[in-house]
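**Student:** 3D model of this:
(one chain, ligands or ions: 1)
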Amino acid sequence: MASHKGNVPDPRSKQAVKPWCLQDFEIGKPLGRGKFGNVYLARERKSKYVVALKVIFKAQLRKHQLEHQLRREIEIQSLLRHPNILRLFGYFHDEERIFLILEYAARGELYKELQRVRYLPEKRAATYVSCLAQALAYCHEKHVTHRDIKPENILVDLQGQLKIADFGWSVHSKTKRQTMCGTLDYLPPEMVENRLHDHTVDNWCLGILCYEFLYGVPPFEAESQSDTFRRILRVDLSFPSTPAISAEAKDLISRLLVKDSSKRLSLQKILEHPWIAQNADSTSSCA
Ligand code: AMP
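**Tutor:** So this is what the prediction gives:
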């Protein structure tokens, strides 16, 4: 199960001839457990290409009325091609299950890495923020808003490259939308208040993520959900004295965690920000 060599399975050419099926893959160890099924390491028999195979039970999807959401996730993710976005190579199904053929991210969730190291050095955090800003700029150009950027939805590959995954909550839309989704600590004020929102929700989440990278906790954490909401709505932002963080990093975070979404720093301006310019490793290939 080690080889990454061989051709990338190409769902377009394959689908045109014969759809993928389970017999096309050798199944390896389980990689993780999801809400609606498990993810396995797998290898396409002909090309020997290693992938992650996500198995989703149709009955579970139906029970939670999430068929539309999965369809949207598949449509969106299979169109995106960026080194920091997890590739979805294709999918197939049988009577009971849907199988997603995903790029394999050997080091798993960024969340687990963060839990292990608690917080990141500024240079690493800046490199990550820079790569994610580039990936999100690519999504926004294609009118895709992720809406659920958080460490649990970012995977890490063998080379340490970040891969944005889980487009389950993303939307393909040019207009402002009004649906509640996402995770508490990362929710922007306009989503807490259930107001119309647009692609700048991702810029807010990048600000939360940057804070969590540097301090090891999200900025508006509180005992209860309602306290978190209150802190988000007041943008009750403070910077602990330890770990000691540079003024430039705090400046970037403060320019992203802005209640008025139209005043948040744009993704392009993030890349030009002095903290990113001075700290992000430009040799780390993200684009
Ligand atoms: P999910 O159902 O997407 O939440 O996935 C459950 C778990 O499987 C995640 O927490 C990861 O640890 C693992 N996993 C999911 N997708 C991949 C992948 N493409 N590469 C490696 N591990 C994965």
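**Student:** Please determine how far Lys163 is located from Lys259.
**Tutor:** With the distance defined as CB to CB, to the nearest Å, Lys163 ends up 30 Å from Lys259. Quick note: C-beta positions are derived from backbone N, CA and C, even for glycine.
**Student:** Which one's more surrounded, the two?
**Tutor:** Lys163 (23 against 14; other CB atoms under 10 Å).
**Student:** What parts of the stretch 51-200 of the chain come near the ligand?
**Tutor:** Proximity of the stretch 51-200 of the chain to the ligand (CB under 6 Å from any ligand atom) is limited to residues Ala52, Leu86, Leu102, Glu103, Tyr104, Ala105, Gly108, Glu109, Leu155, Asp166.
**Student:** Please repeat the previous calculation with a cut-off of 5 Å.
**Tutor:** With the criterion set to CB under 5 Å from any ligand atom, the stretch 51-200 of the chain comes near the ligand through Ala52, Leu102, Tyr104, Ala105, Gly108, Glu109.
**Student:** Which pLDDT value does the model give the third one?
**Tutor:** We note a pLDDT of 98 for Tyr104 in this prediction.
**Student:** still on that earlier bit, pick the one among the residues of the stretch 51-200 of the chain next to the ligand closest to Arg72.
**Tutor:** Sorting those by how near they are to Arg72, with CB to CB, puts Leu102 at the top with 16.2 Å.
**Student:** Sitting in strands, which of the residues of the stretch 51-200 of the chain next to the ligand do you find?
**Tutor:** Among those, the members falling in strands are Ala52, Leu102, Gly108, Glu109 (criterion: DSSP state E).
**Student:** For those, name the two members farthest from one another.
**Tutor:** Leu102 and Glu109 (13.6 Å).
**Student:** So between the two, which is more surrounded?
**Tutor:** Neighbour tally, Leu102 and Glu109, criterion other CB under 10 Å: the higher count belongs to Leu102, 23 against 17.
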